[in-house]
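Colleague: what's the 3D shape of this:
(one chain, ligands or ions: 2)
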Amino acid sequence: MSLPDLGILRRNWPGFEDPARTRVVRVGGVVLGGPRPVMAAGPCAVESYAQALAVARAVREAGGDMLRGGAFKPRTNPHSFQGLGREGLRILSQVGRETGLPVVTEALDPRHVELVAAHADMIQVGSRSMQNFPLLTEVGRAGKPVLLKRGWAATLEEWLCAAEYVLLAGNADIVFCERGVRTGCQGGYAASVLDLNVLQPLRAATPLPVIVDPSHAAGHWTRVAALSRAALAAGAHGLLVEVVEEGADRTRLRSDAEQGVPPGVLREIVAARVTA
Ligand code: PEP
Ligand code: MN
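Modeller: Numbers count the residues shown, from 1 in each chain. Ligands and ions are numbered 1, 2, ... in the order given. Reported below is the predicted structural model:
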(Lines give C-alpha, C1' and ligand atoms only; values in the text may rest on other atoms or scores of the structure.)
(Ligands and ions follow the chains in the order given, each with its own letter.)
Protein backbone atom coordinates (compact mmCIF):
# COMPACT_ATOMS: atom_id res chain seq x y z
CA MET A 1 0.00 0.00 0.00
CA SER A 2 1.48 3.36 -0.91
CA LEU A 3 0.12 6.30 0.99
CA PRO A 4 0.79 10.00 0.38
CA ASP A 5 3.25 11.96 2.48
CA LEU A 6 1.05 13.15 5.34
CA GLY A 7 1.90 14.38 8.81
CA ILE A 8 -0.90 12.24 10.16
CA LEU A 9 1.06 9.13 9.17
CA ARG A 10 4.17 10.06 11.12
CA ARG A 11 4.78 8.88 14.61
CA ASN A 12 7.32 11.52 15.53
CA TRP A 13 4.93 14.07 16.99
CA PRO A 14 6.00 15.84 20.17
CA GLY A 15 5.36 13.65 23.20
CA PHE A 16 5.06 10.57 21.06
CA GLU A 17 8.37 8.79 21.20
CA ASP A 18 7.54 5.09 21.02
CA PRO A 19 6.62 4.13 17.43
CA ALA A 20 4.87 0.94 18.58
CA ARG A 21 2.43 2.79 20.79
CA THR A 22 -0.94 4.25 19.97
CA ARG A 23 -1.37 7.94 20.61
CA VAL A 24 -3.74 8.31 23.50
CA VAL A 25 -6.63 10.74 23.06
CA ARG A 26 -8.29 11.91 26.27
CA VAL A 27 -11.94 12.91 26.38
CA GLY A 28 -12.76 14.12 29.87
CA GLY A 29 -11.47 11.26 32.02
CA VAL A 30 -11.81 8.71 29.23
CA VAL A 31 -8.69 7.37 27.51
CA LEU A 32 -9.03 6.36 23.87
CA GLY A 33 -6.18 4.30 22.48
CA GLY A 34 -5.22 2.67 25.77
CA PRO A 35 -5.52 -1.03 26.63
CA ARG A 36 -9.18 -0.78 27.65
CA PRO A 37 -11.69 -0.47 24.80
CA VAL A 38 -13.92 2.57 25.22
CA MET A 39 -17.68 2.15 25.02
CA ALA A 40 -19.49 5.23 23.71
CA ALA A 41 -23.22 4.74 23.47
CA GLY A 42 -26.45 6.67 23.31
CA PRO A 43 -29.41 7.58 21.16
CA CYS A 44 -29.15 8.27 17.46
CA ALA A 45 -30.81 11.63 18.07
CA VAL A 46 -31.63 13.53 21.21
CA GLU A 47 -35.41 13.71 21.09
CA SER A 48 -36.25 15.05 24.56
CA TYR A 49 -34.63 15.59 27.95
CA ALA A 50 -36.47 12.55 29.41
CA GLN A 51 -35.37 10.27 26.57
CA ALA A 52 -31.75 11.44 26.67
CA LEU A 53 -31.57 11.05 30.45
CA ALA A 54 -33.12 7.56 30.39
CA VAL A 55 -30.69 6.41 27.71
CA ALA A 56 -27.69 8.03 29.41
CA ARG A 57 -28.55 6.32 32.69
CA ALA A 58 -28.83 3.00 30.85
CA VAL A 59 -25.40 3.63 29.29
CA ARG A 60 -23.85 4.39 32.65
CA GLU A 61 -25.51 1.39 34.32
CA ALA A 62 -24.29 -0.88 31.51
CA GLY A 63 -20.72 0.26 32.19
CA GLY A 64 -20.44 2.62 29.22
CA ASP A 65 -17.77 5.34 29.23
CA MET A 66 -19.18 8.07 27.00
CA LEU A 67 -22.52 9.38 25.81
CA ARG A 68 -23.24 9.81 22.10
CA GLY A 69 -26.26 11.60 20.69
CA GLY A 70 -27.13 13.76 17.72
CA ALA A 71 -28.42 17.31 18.03
CA PHE A 72 -27.69 18.32 14.41
CA LYS A 73 -28.70 15.32 12.31
CA PRO A 74 -27.51 14.78 8.74
CA ARG A 75 -30.68 13.43 7.11
CA THR A 76 -30.94 12.21 3.54
CA ASN A 77 -34.53 13.42 3.27
CA PRO A 78 -34.92 17.12 4.06
CA HIS A 79 -38.43 16.41 5.38
CA SER A 80 -37.06 14.04 8.04
CA PHE A 81 -36.43 15.16 11.61
CA GLN A 82 -33.27 17.28 11.55
CA GLY A 83 -32.49 17.09 15.28
CA LEU A 84 -33.25 19.50 18.11
CA GLY A 85 -30.24 21.68 17.28
CA ARG A 86 -29.20 24.05 20.09
CA GLU A 87 -31.82 22.61 22.42
CA GLY A 88 -30.43 19.13 21.77
CA LEU A 89 -26.92 20.33 22.63
CA ARG A 90 -28.16 21.88 25.86
CA ILE A 91 -29.93 18.64 26.82
CA LEU A 92 -26.90 16.53 25.96
CA SER A 93 -24.48 18.56 28.02
CA GLN A 94 -26.86 18.62 30.98
CA VAL A 95 -27.46 14.88 30.80
CA GLY A 96 -23.73 14.28 30.39
CA ARG A 97 -23.08 16.26 33.58
CA GLU A 98 -25.86 14.48 35.46
CA THR A 99 -24.52 11.05 34.58
CA GLY A 100 -20.82 11.93 34.60
CA LEU A 101 -20.41 10.77 30.99
CA PRO A 102 -18.38 12.84 28.51
CA VAL A 103 -20.41 13.71 25.44
CA VAL A 104 -19.69 13.23 21.75
CA THR A 105 -21.97 14.87 19.19
CA GLU A 106 -21.85 15.80 15.54
CA ALA A 107 -21.10 19.19 14.03
CA LEU A 108 -22.72 19.39 10.64
CA ASP A 109 -22.12 22.98 9.66
CA PRO A 110 -18.88 24.95 10.03
CA ARG A 111 -20.97 27.82 11.47
CA HIS A 112 -22.03 25.60 14.39
CA VAL A 113 -18.64 24.24 15.38
CA GLU A 114 -18.01 26.79 18.13
CA LEU A 115 -21.46 26.15 19.58
CA VAL A 116 -20.98 22.37 19.47
CA ALA A 117 -17.54 22.71 21.05
CA ALA A 118 -19.04 24.72 23.90
CA HIS A 119 -21.42 21.85 24.76
CA ALA A 120 -19.52 18.69 23.84
CA ASP A 121 -16.37 16.96 25.05
CA MET A 122 -15.67 15.55 21.59
CA ILE A 123 -16.83 16.68 18.16
CA GLN A 124 -18.04 14.10 15.67
CA VAL A 125 -17.59 14.54 11.95
CA GLY A 126 -20.20 12.37 10.27
CA SER A 127 -19.77 10.03 7.35
CA ARG A 128 -21.50 12.43 4.96
CA SER A 129 -19.19 15.25 6.05
CA MET A 130 -15.84 13.47 5.91
CA GLN A 131 -14.84 15.50 2.88
CA ASN A 132 -16.42 18.77 3.95
CA PHE A 133 -13.03 20.48 4.05
CA PRO A 134 -14.10 23.81 5.58
CA LEU A 135 -15.84 21.81 8.34
CA LEU A 136 -12.70 19.74 8.99
CA THR A 137 -10.63 22.91 9.30
CA GLU A 138 -13.13 24.54 11.63
CA VAL A 139 -13.33 21.41 13.79
CA GLY A 140 -9.54 21.29 13.88
CA ARG A 141 -9.48 24.80 15.33
CA ALA A 142 -12.10 24.16 18.00
CA GLY A 143 -9.77 22.81 20.68
CA LYS A 144 -11.76 19.61 21.32
CA PRO A 145 -10.93 15.99 20.39
CA VAL A 146 -12.41 14.91 17.07
CA LEU A 147 -14.21 11.70 16.13
CA LEU A 148 -13.69 11.34 12.40
CA LYS A 149 -16.13 8.94 10.81
CA ARG A 150 -15.23 7.32 7.54
CA GLY A 151 -17.16 8.48 4.52
CA TRP A 152 -19.22 5.53 3.33
CA ALA A 153 -17.43 5.54 -0.01
CA ALA A 154 -14.04 6.73 1.23
CA THR A 155 -10.79 4.89 0.63
CA LEU A 156 -8.26 4.62 3.44
CA GLU A 157 -6.21 7.31 1.74
CA GLU A 158 -9.14 9.73 1.54
CA TRP A 159 -9.93 9.10 5.20
CA LEU A 160 -6.32 9.83 6.17
CA CYS A 161 -6.35 13.00 4.06
CA ALA A 162 -9.48 14.14 5.91
CA ALA A 163 -7.64 13.66 9.21
CA GLU A 164 -4.75 15.65 7.76
CA TYR A 165 -7.07 18.67 7.40
CA VAL A 166 -7.84 18.48 11.12
CA LEU A 167 -4.16 18.05 11.97
CA LEU A 168 -3.14 21.00 9.79
CA ALA A 169 -5.66 23.15 11.63
CA GLY A 170 -3.68 22.42 14.79
CA ASN A 171 -5.42 19.45 16.35
CA ALA A 172 -3.86 15.99 16.64
CA ASP A 173 -6.49 14.63 19.04
CA ILE A 174 -8.23 12.61 16.36
CA VAL A 175 -9.97 9.26 16.69
CA PHE A 176 -11.03 7.43 13.54
CA CYS A 177 -14.40 5.66 13.39
CA GLU A 178 -15.21 2.93 10.87
CA ARG A 179 -18.99 2.84 10.32
CA GLY A 180 -19.45 0.73 7.22
CA VAL A 181 -19.08 1.35 3.51
CA ARG A 182 -21.52 1.03 0.63
CA THR A 183 -20.69 -1.85 -1.67
CA GLY A 184 -23.97 -2.70 -3.36
CA CYS A 185 -23.56 -6.21 -1.91
CA GLN A 186 -25.44 -5.72 1.36
CA GLY A 187 -28.58 -6.90 -0.40
CA GLY A 188 -31.28 -5.19 1.63
CA TYR A 189 -30.41 -6.74 5.01
CA ALA A 190 -27.88 -4.13 6.10
CA ALA A 191 -27.23 -0.44 5.76
CA SER A 192 -23.54 -0.82 4.89
CA VAL A 193 -20.75 -3.38 4.96
CA LEU A 194 -18.63 -3.03 8.09
CA ASP A 195 -15.04 -2.91 6.87
CA LEU A 196 -13.08 -4.48 9.71
CA ASN A 197 -10.37 -5.20 7.17
CA VAL A 198 -9.35 -1.54 7.31
CA LEU A 199 -8.43 -1.54 11.01
CA GLN A 200 -5.01 -3.13 10.73
CA PRO A 201 -3.71 -1.00 7.82
CA LEU A 202 -5.07 2.10 9.54
CA ARG A 203 -3.42 1.16 12.84
CA ALA A 204 -0.20 0.35 11.04
CA ALA A 205 -0.24 3.68 9.21
CA THR A 206 -1.00 6.07 12.03
CA PRO A 207 -0.60 6.15 15.80
CA LEU A 208 -4.13 7.46 16.22
CA PRO A 209 -6.84 5.31 17.80
CA VAL A 210 -9.70 3.83 15.80
CA ILE A 211 -13.13 2.82 17.05
CA VAL A 212 -16.00 1.09 15.27
CA ASP A 213 -19.67 2.03 14.94
CA PRO A 214 -21.48 -1.27 14.38
CA SER A 215 -24.93 0.35 14.47
CA HIS A 216 -24.90 2.29 11.21
CA ALA A 217 -23.51 -0.72 9.36
CA ALA A 218 -25.97 -3.18 10.88
CA GLY A 219 -29.07 -1.07 10.33
CA HIS A 220 -30.93 -3.35 12.75
CA TRP A 221 -30.31 -3.79 16.47
CA THR A 222 -30.33 -7.59 16.33
CA ARG A 223 -27.03 -7.61 14.44
CA VAL A 224 -25.15 -5.08 16.56
CA ALA A 225 -23.79 -7.35 19.33
CA ALA A 226 -22.11 -9.76 16.90
CA LEU A 227 -20.50 -6.91 14.95
CA SER A 228 -19.36 -5.35 18.22
CA ARG A 229 -17.54 -8.50 19.28
CA ALA A 230 -16.00 -8.81 15.83
CA ALA A 231 -14.82 -5.19 15.87
CA LEU A 232 -13.07 -5.57 19.23
CA ALA A 233 -11.49 -8.85 18.13
CA ALA A 234 -10.22 -7.06 15.01
CA GLY A 235 -8.39 -4.45 17.08
CA ALA A 236 -10.82 -1.56 17.57
CA HIS A 237 -10.00 0.75 20.50
CA GLY A 238 -13.68 1.05 21.27
CA LEU A 239 -17.23 1.13 19.98
CA LEU A 240 -19.86 3.75 19.18
CA VAL A 241 -23.23 2.10 19.71
CA GLU A 242 -26.77 3.41 19.33
CA VAL A 243 -29.10 2.64 22.21
CA VAL A 244 -32.83 3.06 22.83
CA GLU A 245 -34.42 3.44 26.23
CA GLU A 246 -35.94 0.42 27.96
CA GLY A 247 -39.35 -0.37 26.47
CA ALA A 248 -38.94 2.26 23.71
CA ASP A 249 -41.77 2.47 21.19
CA ARG A 250 -39.75 2.27 18.00
CA THR A 251 -42.66 3.52 15.90
CA ARG A 252 -42.28 6.89 17.63
CA LEU A 253 -38.50 7.25 17.28
CA ARG A 254 -37.60 9.95 14.82
CA SER A 255 -34.29 8.64 13.45
CA ASP A 256 -32.69 5.21 13.03
CA ALA A 257 -35.61 3.62 14.88
CA GLU A 258 -34.59 0.03 14.15
CA GLN A 259 -30.92 0.06 15.05
CA GLY A 260 -30.61 1.18 18.66
CA VAL A 261 -29.97 -1.76 20.97
CA PRO A 262 -32.06 -2.08 24.14
CA PRO A 263 -30.14 -1.59 27.41
CA GLY A 264 -29.90 -5.35 28.05
CA VAL A 265 -28.03 -5.87 24.78
CA LEU A 266 -25.74 -2.94 25.57
CA ARG A 267 -24.91 -4.60 28.88
CA GLU A 268 -23.93 -7.77 27.02
CA ILE A 269 -21.77 -5.82 24.58
CA VAL A 270 -19.98 -3.95 27.36
CA ALA A 271 -19.55 -7.13 29.40
CA ALA A 272 -17.81 -8.83 26.48
CA ARG A 273 -15.09 -6.16 26.51
CA VAL A 274 -11.67 -7.62 27.05
CA THR A 275 -8.82 -5.34 28.03
CA ALA A 276 -5.84 -5.79 25.71
C1 PEP B 1 -24.59 9.08 13.63
O2 PEP B 1 -23.60 8.67 14.26
O3 PEP B 1 -25.67 9.34 14.17
C4 PEP B 1 -24.51 9.18 12.16
C5 PEP B 1 -25.34 9.96 11.49
O6 PEP B 1 -23.60 8.37 11.63
P7 PEP B 1 -22.92 8.37 10.16
O8 PEP B 1 -22.39 9.75 9.96
O9 PEP B 1 -21.87 7.32 10.32
O10 PEP B 1 -23.99 7.97 9.19
MN1 MN C 1 -27.99 7.18 13.72
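Colleague: distance between the ends of stretch 93-105?
Modeller: From its first residue to its last, stretch 93-105 covers 10 Å (C-alpha to C-alpha, to the nearest Å).
Colleague: mean confidence score for it?
Modeller: Stretch 93-105 carries an average pLDDT of 98.
Colleague: Please see if that stretch touches ligand 1.
Modeller: No: under the criterion of C-beta under 6 Å from any ligand atom, ligand 1 is not reached by stretch 93-105; the shortest gap measures 9.0 Å. All C-beta spots, glycine's among them, are computed from the backbone N, C-alpha and C.
Colleague: Show me what from the stretch 151-276 of the chain comes close to ligand 2.
Modeller: Within reach of ligand 2 by C-beta under 5 Å from the ion, the stretch 151-276 of the chain has these residues: D256.
Colleague: can you map out the strands along the stretch 151-276 of the chain?
Modeller: For the stretch 151-276 of the chain, strands defined by DSSP state E, counting those that start in this stretch occupy the ranges 174-178, 210-212, 238-242.
Colleague: Include mean pLDDT when you put those strands into a markdown table, please.
Modeller: Shown next, in a markdown table, are the strands of the stretch 151-276 of the chain (pLDDT from 0 to 100):
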| stretch | mean pLDDT |
| --- | --- |
| strand 174-178 | 98 |
| strand 210-212 | 98 |
| strand 238-242 | 98 |
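Colleague: could I get these as a markdown table with mean neighbour count?
Modeller: Shown next, in a markdown table, are the strands of the stretch 151-276 of the chain (neighbours: other C-beta atoms under 10 Å):
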| stretch | mean neighbour count |
| --- | --- |
| strand 174-178 | 26 |
| strand 210-212 | 28 |
| strand 238-242 | 28 |
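Colleague: Relative to K149, which of those is closest?
Modeller: strand 174-178 (4.6 Å; C-beta to C-beta).
Colleague: Tell me the helices and strands packed up against the lowest-mean-pLDDT helix or strand in the chain.
Modeller: Ranked by mean pLDDT, DSSP states H and E, the weakest helix or strand in the chain is helix 199-205, scoring a mean of 94. Here helix 199-205 touches helix 156-168, strand 174-178, strand 210-212, going by 3 or more C-beta pairs under 8 Å, 6 or more residues apart in numbering; DSSP states H and E.
Colleague: Between the ones you listed, which one is closest to L84.
Modeller: Here strand 174-178 is closest among these (C-beta to C-beta), at 22.6 Å.
Colleague: right, and the helices and strands packed on helix 199-205 - which one's nearest Q124?
Modeller: Checking these against Q124 by C-beta to C-beta gives strand 174-178 as the closest, at 7.9 Å.
Colleague: any bit of that closest one sitting next to ligand 1?
Modeller: No: on the criterion C-beta under 6 Å from any ligand atom, strand 174-178 is out of touch with ligand 1, staying 7.4 Å away.
Colleague: what helices or strands is that strand leaning on?
Modeller: Going by 3+ C-beta pairs under 8 Å, 6+ apart, strand 174-178 lies up against strand 146-149, helix 156-168, helix 199-205, strand 210-212.
Colleague: Direction-wise, compare it with helix 156-168 and give the angle.
Modeller: Orientation check (axes from the mean of the first three to the mean of the last three C-alpha atoms, to 10 degrees): strand 174-178 against helix 156-168 gives 160 degrees.
Colleague: what sits up against strand 174-178?
Modeller: 8, 25, 32-33, 122, 124, 145-150, 159, 163, 166-167, 194-196, 198-199, 202, 206, 208-213, 231, 236-237, 240 (C-beta atoms under 8 Å, 6 or more residues apart in numbering).
Colleague: Out of the strands of the stretch 151-276 of the chain, which gets nearest to L136?
Modeller: The minimum distance between L136 and the strands of the stretch 151-276 of the chain falls on strand 174-178, with 10.1 Å, by C-beta to C-beta.
Colleague: one step back: give the buried residues for the least confident helix or strand of the chain.
Modeller: 199, 202-203, 205 (16 or more other C-beta atoms under 10 Å).
Colleague: Quick one: residues contacting the closest residue to ligand 1 within the chain.
Modeller: Nearest residue of the chain to ligand 1 (C-beta to the nearest ligand atom) works out as G126 at 3.1 Å. Contact partners of G126, counting by C-beta under 8 Å, 6+ apart, are 74, 106, 108, 149.
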